[in-house]
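Undergrad: What would the 3D arrangement of this be:
(2 chains)
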Amino acid sequence: MDGLDDIALTAAVFLPLVGVLAMMFTPRQHEADHKVMALIATLATFGVGVYLLLRFDYARADALQFDVDASWIEVINSRYILGVDGISLPLLVLSMFVCVLVVVYSWNHFPEPHNPKAFLILILILETGMNGTFVAQDLILFFVFFEVVLLPMYFMIGVWGGEQRQYAAIKFFLFTLFGSALMILSFLALFFQGGQTFAIAELVAVASDNIPRSTQILIFGGLFMGFAIKVPMFPFHTWLPDAHTQAPTQGSVILAAILLKLGTYGFVRIAIPILPEAAQAWAPWIGGLAVIGIIYGALGCLAQSDMKRLIAFSSVAHMGYVMLGIATLTDFGINAAVFGMVAHGLITGMLFFVAGSVKDRFHTLELSRLGGLLIQSPRMGWILGFCAMASLGLPGLAGFWGEFPVILAAYNPAEGLSVGLFRGYMVVAAVGTVFAAGYLLWMFQRAAFGTPKEEFADTPIPGMHWPEYVAWTPMLVLIVVLGLFPNLLFGLTDGAVGTALAAFGGGGN
Amino acid sequence: MLENIWVVPGLTFASFWLILFFGKRLPKGGAEIGIAAVGLAFVLSSVAVVEWNDRPATEEVEAVSTGEHGEAEAHGSEPDAHEEAEDEHSFGEVRALAVDLAAAEAGEGEAGEHEAEPIRSAVERNLTWFSFGGVDITVGTAVDGLTVILLFTVTLISLLVHVFSTNYMHGDVRFTYFFAALSLFTTGMLLLVVSSSLLQALFGWELMGLCSFMLIGHWWEKKPNSDAAMKAFLTTRTGDIGLLVGLVIMFFAAGQTFDIAAVNEAALTGAMGETVLLVGASALFVGVIGKSAQFPLHTWLPDAMAGPTPVSALIHAATMVVAGVYLVARLYGVFWSAFDIEAGGVNPIAVIGGITVLIAAALAFVQTDIKKVLAYSTVSQLGYMVMALGVGAWTAAIFHLFTHAFFKGLLFLGAGSVSHAVHSFEMRDDMGGLRKFMPTTFVTFMIGSLALAGVFPLAGFWSKDEILLGAAENGYRLFEVVGLIGAFMTAAYMTRCVYLTFFGSYRGHGHPHESPPPITVPLIILAVFSVGAGLLNAPGFEKFFELTENRVFLLAGIEHHSFEIVPAVVSSVVVLAALALGGLLFFAGRLPRGVTARSRAARAGYRLLANKYYLDHLYTGVVVGSIKGPIARAAYWANQKVIDGVVNGVGVASTRAGLWVYRHIDQRVVDGAVNGAGFGAEGFGGILRTIQTGRVQQYGALLFGATAVLALGLVIFV
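TA: Numbering: from 1, shown residues only, chains lettered A, B, ... in the order given. Sure thing, here's the model as predicted:
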């Protein structure tokens, strides 16, 4: 079995590309074949994920497992190092999981200009990029995967998007690329100053000793820009509402569920462990931007008249909680942050799914024109309500565990951080929960309660299709299961978070 | 049963899922599942009460507090022993405080100071829920007298509401859904009551918030109903800001645990810093204000009448709003120490409770909707409970919670029965003279009203009297007066309500008729409890006190005051005077007409009441309105014009710069790219070293350009 373990992660990353290869040689007209091939590719990848889950040694969740270390670009000493620990495994599996569901959902939901072949190929390439980012343990490798994600998403928005797709796609691309440029600069700085290596594990061991604190802080700045734009944190978030609003449903789901997590994951995996001193210096600022994001995102939501744009802004607020958790630099905070990433992926992904299906039926997401969804499509209406409740952090559903423990952690941040400041953040974050309830219920009230508006009163609204049932049920179930049994995730992340925070003496407790 | 008490909420939770998935296919639309589950839960809760009663009192608890009163006088001559005892307690192991009798007797001096009393020890059962950051968070049940009493009350009321609803909600568009939500609602309260940990309690707490949203907005086709649901959820959620913060503070102050017993002990033994304790308790109390509809966050409760009447009965009598009172009672160690309740005088809890008693009772006078009268009455009675907790009358508070559940449940269901007959809740326009048409409803409603007014020997008399007595004895004279005024007002507005509904001549349409048995039987059962429940703590018997006395009660050294004749007579006289006045005004037709037209002050007062002290204008209009309107719009404007303006500006500027470069440098571009790619490892090392020397700006542009090229090169290369 060890042989399988060695190639498991490689398979997890490149199996989607095998599917792409097969699809490239299949004529465009054979749409059914493309769907089946894409489904097989994503399912096979997810199968690898299940294998990883089964074979993962949970007692050693703090250590990298299934690790591979092969030579790659020797001239710059960049190596092909893969591995997963308790932090990356849930995100990796989430990515695989969501990709399967997105393909299933696509079955009868191909946006214009149709072309399933190209669309599905883009999803598969995206999956390779996302999976690769979560398993890469070498900075250059990480960077490559991080960038691989950009292009398919650019085309997905630019080709299959809404009316202003060109603008949104270019904005998304350039904005993220700008961050990436600064990020790679920091990577190079780490290489030259930190010990001529790109291996994350080695950098963690030596970088903070080799690099003076002031330089660390500058390098962290570059990483911060790269990751914060991806998250996105206030004030670098403006690409997000445009990208989400214009992207096709599948694109929005992947964007919300996985892409945003690449940024937060970068903080937890790279920035903090490698440059702990700089992290400490930056933490108050990150925390500050995070809580601004929480309130600001909520206000942005309240100003929206478009359901999808509202959900997009809610991502800014929710990622604010994740970033606040990270900024506390404590066990509690980062555990909650990772939980928040998964929960937000499931919940906001679901919200975008539902928004997409609503748009399919009503051809608008203008809240003033919607209403009475519960009458015309009761199940979809209740699912929307369920997701709204999950998103506002109702205890018992997954969202709660990304929110409350963050507030908890902010009360007692890591040593060296200003307790008073973070307690202030805590109160703001707690106030944010009311805002979240406000905009989500307001959206739900306007979309689902009441009676259908005149223009749609006589339009027959089809009920839910089977692809919707198949794609949504697993997500809804997971939202409940993770909400009731948080240890499924905390048990996985706790050890690894401890390792990531080793420099802080295991967190601020 | 006490060990396995989780079965009780488990039953109703299972019932929720069963109704949700199979309810529609059943002949009674899922109601049978709900009734069976809640019925069984009631039986099991009753068993739990009996088992608790039979449980031997084995735990010896000694008061930890060394209060100024009494003790200082009695032991003033031994300051050393006093101090010693205090030191030992603050540093001692938390659990070690439960000294057994022998040890207490053997102890020097201490045993004489505090008499260790035997009580039944709570039955706890915990599992690890999850661990993070080296802390195990547990989930489990803790059962004591307070728990079993509430389990009994909640399941009984819920059962009767279920039965009532089978008829009342018959033919409703979402009958099945309604019963599923009722089950879930009940689950929330039961979960809260059995929780051994604060975090788990929060689950029950919020579950009720969710269900209240679903049920208040049950008829969501109409906007006012969904507005009311939103208001209930958002207002309680506003209070929850405090609750969340309070929970976090308690978690750390008690040594990283959510365990309720541990939090109480830590608070009582002085293990928490004074400031932390005060801030934490105040924050928690904000949550209580929201949930238990205390001033100034009480405004959601009257609006919650938009929901079906059985829901109102459930919310007002046994769940949701009493959750806040329960939380204070459960965490009494925290509030007791934080606000120094023992000291007497004035404290925030008593003040908020007292204000709520009076302002809500005043509002009840100007309502014409029978449910709104009852709603404000609930707010006022909740004020009594909170005030009782504020003045240290712990037993009285939960005793009032207990008796109130029956007569308020009765009154709401009675109002439902009336509306069932006249299809309206308007007392002035559509009721009057109903006693002739609906004798059972009339008699039971009268019993409920008299019990609420506190007429001897009905349930309300005993519990209200205990609160007043507690206020008087614990040094809270002011609040005794507040309580008496409140009692007067209660009796008076209920007289008005009863008169408008049942007396005079019928003003509505059609022919009202008595409701069928599924409605009247619950009324009769509740009427029996409204008559008899108070006797549970009658002088000489005091079973209620004996059952509920718990560890915190003794640790804190709370005093329980038995019945006294003089205050009881005083309060009875006040109530009778109010009834007499009410009788004079309404029944004898002496209601002065046109007062508001003649007197400017009366008109201003009336307007203040009619506008509910303008609080709704403040919240909905000013606070919510400005956030949703100008503030959100301004933020969004800044987003689009300022932040995004910068982004777009950079984009436009870059494009222009690109054009300029193309035009002016033109052919050199290719060469430039080649040179850029030629930046090797060596070059970068040198450049990066300049970061240290601080000449960043100088090389910033160069660095960025080179990096971009390299990044692009790598992407293409790989």
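Undergrad: From now on I want contacts and neighbour counts done on CA atoms only, so please keep to that.
TA: Noted.
Undergrad: Next, the contact list for residue 140, please.
TA: In the absence of a named chain, chain A is used. A:78, A:187, A:198 (C-alpha atoms under 8 Å, 6 or more residues apart in numbering or on different chains).
Undergrad: Can you look at chain B instead?
TA: B:124, B:125, B:126, B:127, B:194, B:195, B:196, B:197.
Undergrad: ok, of those residues, which one's closest to residue A:419?
TA: Comparing the contacts of residue B:140 against residue A:419 with C-alpha to C-alpha places residue B:197 closest, at 25.9 Å.
Undergrad: Go ahead and confirm the closest one touches residue B:256.
TA: No: in this structure residue B:197 lies outside contact range of residue B:256 using C-alpha atoms under 8 Å: 11.9 Å.
Undergrad: Of these two, give the one with the bigger neighbour count.
TA: Comparing residue B:197 with residue B:256 by other C-alpha atoms under 10 Å in any protein chain shown, the one with more neighbours is residue B:197, at 23 against 18.
Undergrad: State the distance from that one to residue B:247.
TA: 10 Å (C-alpha to C-alpha, to the nearest Å).
Undergrad: Residues that sit against both of these two, list them.
TA: The contact lists of residue B:197 and residue B:247 share residue B:258, where a contact means C-alpha under 8 Å, 6+ apart.
Undergrad: what does the average pLDDT come to for stretch B:463-481?
TA: Per-residue pLDDT over stretch B:463-481 has a mean of 86.
Undergrad: How about residues contacting that stretch?
TA: B:342-346, B:350, B:354, B:384, B:387-388, B:391-393, B:396-397, B:399-400, B:403, B:454, B:483-484, B:534, B:560-564, B:567-568, B:571.
Undergrad: Please compute how far the helix or strand hosting residue B:582 lies from its chain's middle.
TA: Using DSSP states H and E, residue B:582 sits in helix B:565-582. Computed by C-alpha atoms, centre = their mean, to the nearest Å, the separation of helix B:565-582 from the middle of its chain amounts to 31 Å.
Undergrad: So which elements touch that helix?
TA: For helix B:565-582, the elements it packs on are helix B:459-473, helix B:477-502, judged by 3 or more C-alpha pairs under 8 Å, 6 or more residues apart in numbering or on different chains; DSSP states H and E.
Undergrad: Mean neighbour count added to the ones you listed, as JSON lines?
TA: Output for the helices and strands packed on helix B:565-582, formatted as JSON lines (neighbours: other C-alpha atoms under 10 Å in any protein chain shown):
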{"stretch": "helix B:459-473", "mean neighbour count": "27"}
{"stretch": "helix B:477-502", "mean neighbour count": "24"}
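Undergrad: Redo the ones you listed as TSV? Include distance to residue B:413.
TA: Putting the helices and strands packed on helix B:565-582 into TSV (distance: least, C-alpha to C-alpha, whole Å) gives the following:
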stretch	distance to residue B:413
helix B:459-473	18
helix B:477-502	14
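Undergrad: buried subset of the contacts of stretch B:463-481?
TA: B:342-346, B:350, B:354, B:384, B:387-388, B:391-393, B:396-397, B:399-400, B:403, B:454, B:483-484, B:534, B:560, B:563, B:567-568, B:571 (16 or more other C-alpha atoms under 10 Å in any protein chain shown).
Undergrad: so which of the helices and strands packed on helix B:565-582 comes closest to residue A:359?
TA: Taking C-alpha to C-alpha, helix B:477-502 is the member of the helices and strands packed on helix B:565-582 nearest to residue A:359, at 50.5 Å.
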